[in-house]
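Student: okay, structure incoming, though there's no sequence with it:
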Ligand code: MG
C-alpha cells in the first residue's frame, strides 16, 4: 500500500533557521496487541490508527506544523522500522534512531543523534500523546526563553485516596501535578545531564533536569494531550480526533467508454487483461471516472471534464487515479471526509468478481480511506443495449461525504 500523503506541513520554509528539534520517543516495549481496526498484525500502540492515521504520525505532524521546529527525529525499535517508515511516509522527518533498553537510554540515543546539528532547544515527546496541540508546543517553546527545562503540567481534579488494607486515606491534592510532554530543554544542558546521570534511573527528562540542577519552569498542559495507555484512552482519543462533520452530502456519477483494439482495460484502478481495450482520452477507466464525478457532485464542484478537460494534452493517456485523488483532495481542502463510496460496473465482460477486492483496495488507497468504506459491484444488462452487445462498459457511482 502506498502511504496517504495528503498532509503538507506549512512550516518547512522557516525551519532551517529555527534551531528547535523535536524528539519523539517511540521505542517503548509496551504490550503488542491487536489494533482496534483489526488490521491483522500485532502492533505497538504508537502505530495503531487513530482517526485513520497512525498514532505516531499525529505527533510528527504536530511538530512539523510548527514553523519554530527545525527537525523532527523519532527513536524507534529496530523491529518496527518498516512500520515506522510507513507511518511517517511523505513527512520531512530525519532518519529514525534506534532506542535502548529503557526510555532514558532511548532519549539519550536520540539526543546524541541530534548533537551534530547543535539545536538550541529540544522538545522531548512521547509518541503515545498524539493530540498534542500547537498551543502546548508554543507555550513550552516560549518558556524556554527563561528556563533550561520546561514541562507542561496539569492539576488533578479528582479526589485522591491511598488504599492501605481496608482503609482509604485522603491524599491532599494541593501541590500535586501531573506531567505531560513535550518537555522542552536547552539542548546542551539536557544532553549533558543524560550523559552524566546515565547510570541513575529517572522517570522523565524533567526529573533528570532537576537532578542536574537545571532551572525549571512549568506551563499549563492540556487534558486533550492525553497519553494513550488503555483501550479506553483510545476510544476517547478517537472521539477527540474525529472532528464533528455533521453535513452529509451525496453525489452520483456515470460514465461510459467504448471498447477498441487492445489487450487490457483499466477498471477501478486495476489493470485487467482483456480481448479489447477501452477508448478514451485518458486510460478510460470508467469506474474511476464515475467515482470522481460522484465526489465532485457531492461537493457541488462541477464534473471531471471541467477539472480535466479532454482538450488538455496533459491528460492524454493519464492514469485516472490522478483525477480521483484530486477530487478526494478537494473534499479534504473543505475540511471534509469521505464516508463511503459505491461503484457499479455494468458490462458482460471482463468478469469483475475476481478483481473486486483488488479494486476496493486500490480505491481505498487512492482516497486514503479504509477499504470498509469502499464498495465495488458489477452487473450485466442481460445481453440488452450497448453493454449487452459488448460495445462498451458503463459505470455508475455514489459517494457520500461529510463536511464541517
Ligand atoms: Mg470517462
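Tutor: Done, it's in. These numbers were taken from a predicted model, which means no experiment stands behind them.

Student: spatially nearest residue to the residue in the stretch 201-350 of the chain that the ion sits nearest to (excluding sequence neighbours)?
Tutor: Minimum separation of the stretch 201-350 of the chain from the ion (Cβ to the ion) falls at residue 289, amounting to 3.6 Å. Every C-beta, even on glycine, is put in place using the N, C-alpha and C of the backbone. If you skip the residues right next to it in sequence, residue 289 has residue 255 as its closest partner in space, 4.0 Å away by Cβ to Cβ, 6 or more residues apart in numbering.

Student: secondary structure element for that neighbour, which one?
Tutor: For residue 255, the host element (DSSP states H and E) is strand 247-260.

Student: that strand: which residues count as buried?
Tutor: 249, 251, 253, 255-257, 259 (16 or more other Cβ atoms under 10 Å).

Student: what's the next secondary structure element after it?
Tutor: The helix or strand immediately downstream of strand 247-260 is strand 264-267, counting by DSSP H and E.

Student: list the contacts of the next helix or strand after that next one.
Tutor: Next helix or strand after strand 264-267 toward the C-terminus (DSSP H and E): strand 270-273. With contacts defined as Cβ atoms under 8 Å, 6 or more residues apart in numbering, strand 270-273 is touched by 263-266, 350, 355, 358-359, 362.

Student: distance from strand 270-273 to the middle of the chain?
Tutor: 30 Å (Cα atoms, centre = their mean, to the nearest Å).

Student: and residue 99, how many neighbours?
Tutor: Using other Cβ atoms under 10 Å, the number of residues around residue 99 comes to 24.

Student: how much space separates the residue lying closest to it once chain neighbours are set aside from the ion?
Tutor: Nearest-residue entry for residue 99: residue 27, 2.6 Å, with adjacent residues in sequence omitted and distances by Cβ to Cβ, 6+ apart. With distances defined as Cβ to the ion, to the nearest Å, the gap from residue 27 to the ion amounts to 49 Å.

Student: from the buried residues of strand 247-260, pick the one nearest residue 275.
Tutor: For the buried residues of strand 247-260, the residue nearest residue 275 by Cβ to Cβ is residue 259; the value is 8.8 Å.

Student: what's the pLDDT at the residue nearest to the closest one when sequence neighbours are not counted?
Tutor: With Cβ to Cβ, 6+ apart as the measure, residue 276 is the residue that lies nearest to residue 259, at 4.0 Å, once sequence neighbours are left out. On the pLDDT scale, residue 276 is placed at 95.

Student: and the next element down the chain from the lowest-mean-pLDDT helix or strand in the chain?
Tutor: Comparing helices and strands within the chain by mean pLDDT, DSSP states H and E singles out strand 33-34 as the least confident, with a mean of 58. Where DSSP H and E defines the elements, the next helix or strand beyond strand 33-34 is strand 42-43.

Student: can you list the strands that whatever helix or strand comes next after that next one pairs with?
Tutor: Using DSSP H and E, the next helix or strand after strand 42-43 towards the C-terminus is strand 49-50. Here the strand partners of strand 49-50, with direction, are listed using DSSP bridges: strand 53-54 (antiparallel).

Student: hmm, who's touching the partner strand?
Tutor: Taking contacts as Cβ under 8 Å, 6+ apart, the residues outside strand 53-54 that touch it are 4, 46-48, 61, 86-87.

Student: which stretches in the stretch 251-400 of the chain count as helices?
Tutor: In the stretch 251-400 of the chain, helices defined by DSSP state H, counting those that start in this stretch lie at 286-299, 304-307, 321-333, 356-367, 385-388, listed in chain order.

Student: which non-adjacent residue is nearest residue 367?
Tutor: Across the structure, with Cβ to Cβ, 6+ apart as the measure, the residue nearest residue 367 apart from its sequence neighbours is residue 328 (4.8 Å).

Student: check contacts around the one you found.
Tutor: Contacts for residue 328 (Cβ under 8 Å, 6+ apart) come out as 6, 295, 338, 366-368.

Student: tell me the two of the residues you listed that are most distant?
Tutor: 6 and 295 (14.1 Å).

Student: who has more neighbours out of the two?
Tutor: Between residue 6 and residue 295, counting by other Cβ under 10 Å, residue 295 is the more crowded of the two (27 against 13).

Student: get me the contact residues on the protein for the ion.
Tutor: Taking Cβ under 5 Å from the ion as the contact definition, the chain meets the ion at 255, 289.

Student: any regions of the chain where pLDDT drops low?
Tutor: Low-confidence regions of the chain, defined by pLDDT under 70, span residues 1-18, 29-41.

Student: mind running it again at 80?
Tutor: Across the chain, the stretches falling below the confidence threshold (pLDDT under 80) are 1-18, 29-42, 52, 242-244.

Student: ok so, going back, now neighbour count too, for the contacts of strand 270-273, in JSON lines please.
Tutor: Rendered in JSON lines, the data for the contacts of strand 270-273 read as follows (neighbours: other Cβ atoms under 10 Å):
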{"residue": "263", "neighbour count": "9"}
{"residue": "264", "neighbour count": "15"}
{"residue": "265", "neighbour count": "26"}
{"residue": "266", "neighbour count": "22"}
{"residue": "350", "neighbour count": "19"}
{"residue": "355", "neighbour count": "19"}
{"residue": "358", "neighbour count": "16"}
{"residue": "359", "neighbour count": "23"}
{"residue": "362", "neighbour count": "24"}
